[in-house]
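1. Fold the following, please.
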Amino acid sequence: MSKKQDENKLLSFLNAKGAYQPRKIGNNRGFTFLANLTGRPQVWKIDESGEVSAFHELKDRVLQVYHSPSGEHTILASDFEGNEKQQFYLTSDKGNTIEELVLSPEHFHQFGGWSPDESKITYASNRRNPGYFDIFTLDIETKEEVTVFESETNCTPLIWTADGKGIIFSYAVSNIDNQLHILNLESGKTTPIGNVNVPARYHSVQITKDNMSGYVVTDEGRDTLAIAKFDLEKPNLLEFIYKSEQWDIEEVKISVDEQYLAFSLNEGGSSQLGIYSLEKNAVTNIKDVPVGVYQSLQWINDRELLVGVTSSTLPGDIWKVDIIDDESERLTHIGESPEVGHLWMEPEVCHFSSFDGLEVPYFLYGKKRTNQPVMIYVHGGPESQIRNEYNPVIQYLAALGYTIAAPNVRGSMGYGRKYVQLDDIRKRMDAVADLNYLVKDLVSTHQTDRDRVGIMGRSYGGFMVLAAITHYPKVWAAAVDIVGISHFRTFLENTGPWRRRLREQEYGSLEHDSDFFEEIAPLNHTEKIQVPLLIFHGKNDTRVPVSEAEQLTKDLESQGKDVELIIFEDEGHQTEKLENHVLMNKKTVEFMDQWLDK
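-> Numbering: from 1, shown residues only. Reported below is the predicted structural model:
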């Protein structure tokens, strides 16, 4: 096969599109979804007849879509060249007209929902202080904006109470733990949901129409996330109604008639869709949905809901599920590729024993052959998880004959609270040691070539790459760092103040842990690096400053090391624009081919 044909095939993998984030438009008005069909994510609409059309196109990517309860109005959240500073635009249900609604380009905005009478919206912003997020309400007609709650941390409104007199908001405690409070808009008083003295995660809040009770996903007093019910008169007392001792509940949505709770359960990286009957206190598992990851559950009526589905062999599409007949219908066919779809591979879920006996799961891609090159793909977070989702570079490398191992090392989400805390602060390098033991497992059990092991990762995964090649330098043959951290001290000094306090809960603080930062920093151990390194970073990155990449590159170049840095001037922490996405992945594959395919 010629190089030209290889490039065309790579482009086919990269150009595979997906539909995601389905949103119902009021009653019987169809629904919208997001898809990157034009070079950046935009909003698309499916009407009652099934016809797909553009809803409204913005100059930059659309991150979120929020329809009012009736569907008469819609808010689009968009940022500027990947800086993640969402601004809000108001449009009609047809998307014909649009106006700037909440615009303060230097600040972040986090949407919290429409009021029940849809006269107002609520959101959080860090306008008063870069490190604090206050809560606002805005009248859609008069444009009157009111600060309803001032905070000294990151607060995010989640939902209005059913009577419109209160807002439930999340109060960040750490990067994973939070508290929920009910804000009384008349008195300004707040009432906690659950026990604020117990570290816990809370999300996916639902309130009944009579404003008497609610449901929430939480791990209060537990290792895994479960569904709990609370009374709005005594919200500090939670009653767990459904739980799994091994896996986390991801999301819960109450049906239109309030007879059922639809929920997704994260079973080792793939989702299980369940329906909990509030009357019978019983669960029915829905089987007629493709295996993968389920997102954005949306009830259409009393028996049907929309589900966004993605998997290793499906970039993303929308399904409609009938919970009574356990039947599903695929509503979009965007996540298909006639050119390379037949080459997409399902991963095998494997485990290895690390240095301390901990069983660590990983996804293994590739055909079983002898003497294969292997690439380790490390996720970010670190409170994140490799899941059964489409990744074009993984799929392309697997099609070329590489083995790809994507581990969920200690500190990953999806395996309970204890597991996610195993890499906190001064246990950081235990997770890096997991990578070394993964390679040992691959060599001993999967017939991979010990001398052709590459590693790549994004964000925190980029730090893991850099830590691996400096602390285990003889293991690797090539490395790719995407928007990674090269020194936790400089990262915390230069990251946005809205992130610093929360990240210190995970990584350690400048005040107490600077000595540890100096000890483990890849930037302080560059002389140990023995492999070529390819680095990508977005100029507008508000999470991991581009200076992390620049200082590392400068140091390596001064030593004559093999390093290349590519900075995208119009990107942030994520690489969204199609031309940049293509360039980054094309360079990555060429790099891996050069150093591993020998």
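2. When you work out contacts or count neighbours from here on, use the C-alpha atoms and nothing else.
-> Noted.
3. how about the helices in the stretch 301-450 of the chain?
-> Ranges of helices within the stretch 301-450 of the chain are 392-400, 417-420, 428-445, based on DSSP state H, counting those that start in this stretch.
4. Relative to Ile167, which of those is closest?
-> Within these, the stretch nearest Ile167 is helix 417-420; the backing value is 27.8 Å (Cα to Cα).
5. for the closest one, packing partners?
-> Applying 3 or more Cα pairs under 8 Å, 6 or more residues apart in numbering; DSSP states H and E, one finds that helix 417-420 makes contact with no other helix or strand.
6. hmm, back to that, to Asp223, which of the helices of the stretch 301-450 of the chain lies closest?
-> helix 417-420 (4.9 Å).
7. Could you give the average pLDDT over that closest one?
-> The predicted model gives helix 417-420 an average pLDDT of 96.
8. Need the contact partners of the helix or strand containing Asp555.
-> Taking DSSP states H and E as the criterion, the element that holds Asp555 is helix 547-558. Residues lying outside helix 547-558 but in contact with it, judged by Cα atoms under 8 Å, 6 or more residues apart in numbering, are 483-487, 490-491, 523, 526, 535-537, 562-565.
9. and what of stretch 273-289?
-> Looking at stretch 273-289 with Cα under 8 Å, 6+ apart, the contacting residues turn out to be 241, 259-265, 272, 294, 319, 321, 323, 326-328.
10. Which parts of that stretch count as buried, going by neighbours?
-> Applying a neighbour-count criterion of 16 or more other Cα atoms under 10 Å, the buried positions in stretch 273-289 are Leu273, Gly274, Ile275, Tyr276, Val283, Ile286, Val289.
11. Do a quick rundown of the strands in the stretch 451-598 of the chain.
-> 478-482, 533-538, 563-568 (DSSP state E, counting those that start in this stretch).
12. Using CSV, write down the CA coordinates of the first one.
-> Extracted C-alpha coordinates of strand 478-482, given in CSV (Å, rounded to 0.1, in the frame of the first residue of the first chain):
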residue,chain,number,x,y,z
ALA,A,478,8.8,6.8,21.6
ALA,A,479,6.5,9.2,23.4
VAL,A,480,3.7,11.7,22.5
ASP,A,481,2.7,14.3,25.1
ILE,A,482,-0.6,16.3,24.4
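13. Quick one: work out the angle between it and strand 533-538.
-> In terms of direction (axes from the mean of the first three to the mean of the last three Cα atoms, to 10 degrees), strand 478-482 departs from strand 533-538 by 10 degrees.
14. other SSEs contacting strand 478-482?
-> When contacts are defined as 3+ Cα pairs under 8 Å, 6+ apart, strand 478-482 sits against strand 448-458, helix 460-471, strand 533-538, helix 578-596.
15. If Leu364 is in a bridge, with which residues?
-> Glu348, Ala405 (DSSP bridges).
16. Do you know the pLDDT at it?
-> With respect to pLDDT, Leu364 has a value of 96.
17. and it, what is it in contact with?
-> Per Cα under 8 Å, 6+ apart, neighbours of Leu364: Pro347, Glu348, Val349, Cys350, Thr403, Ile404, Ala405, Ala406.
18. Which residue is the nearest non-sequential neighbour of Ala226?
-> Lys243 (4.5 Å; Cα to Cα, 6 or more residues apart in numbering).
19. ditto for Tyr276
-> Per Cα to Cα, 6+ apart, closest to Tyr276 is Val283, 4.4 Å.
20. Doesn't the one you found belong to a strand?
-> Yes. Looking at Val283 with DSSP: H, G, I helix; E, B strand; the rest coil, it is inside a strand.
21. Please tell me how far it sits from Thr224.
-> Using Cα to Cα, to the nearest Å, one gets 18 Å for the distance from Val283 to Thr224.
22. And the residue most central in space within the chain, how close does it get to Ile425?
-> Geometric centre of the chain, nearest residue: Ser384, 7.3 Å, by Cα atoms, centre = their mean. Taking Cα to Cα as the measure, Ser384 and Ile425 are separated by 16 Å.
23. domain ranges for the chain?
-> Segmentation of the chain into domains, based on automatic domain parsing, reads 18-100, 107-246, 256-336, 341-596.
24. related to what we said a few turns ago, and of the helices and strands packed on strand 478-482, who's closest to Ala228?
-> The nearest among these, by Cα to Cα, is helix 460-471 at 31.8 Å.
25. Any idea how far that closest one is from the middle of the chain?
-> Computed by Cα atoms, centre = their mean, to the nearest Å, the chain-centroid distance of helix 460-471 equals 21 Å.
26. what are the bridge partners for the closest residue to Val62 other than its chain neighbours, then?
-> On the basis of Cα to Cα, 6+ apart, the spatially nearest residue to Val62 that is not a chain neighbour turns out to be Ser78, at 4.6 Å. As for beta bridges, Ser78 partners with Val62, Gln87 under DSSP bridges.
27. tell me which residues in stretch 517-524 are buried?
-> For stretch 517-524, a neighbour-count test (16+ other Cα under 10 Å) marks Phe517, Ile520, Ala521, Pro522, Leu523, Asn524 as buried.
28. ok, of those residues, which one's closest to Leu11?
-> Out of the buried residues of stretch 517-524, the one with the shortest distance to Leu11 is Pro522. That distance is 33.2 Å, counting by Cα to Cα.
29. on that earlier part again, okay, the helices and strands packed on strand 478-482 in a markdown table with mean neighbour count, distance to Glu233 and mean pLDDT next?
-> Listed next are the helices and strands packed on strand 478-482 as a markdown table, based on neighbours: other Cα atoms under 10 Å; distance: least, Cα to Cα, whole Å; pLDDT from 0 to 100:
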| stretch | mean neighbour count | distance to Glu233 | mean pLDDT |
| --- | --- | --- | --- |
| strand 448-458 | 23 | 45 | 95 |
| helix 460-471 | 26 | 42 | 98 |
| strand 533-538 | 24 | 48 | 98 |
| helix 578-596 | 16 | 50 | 89 |
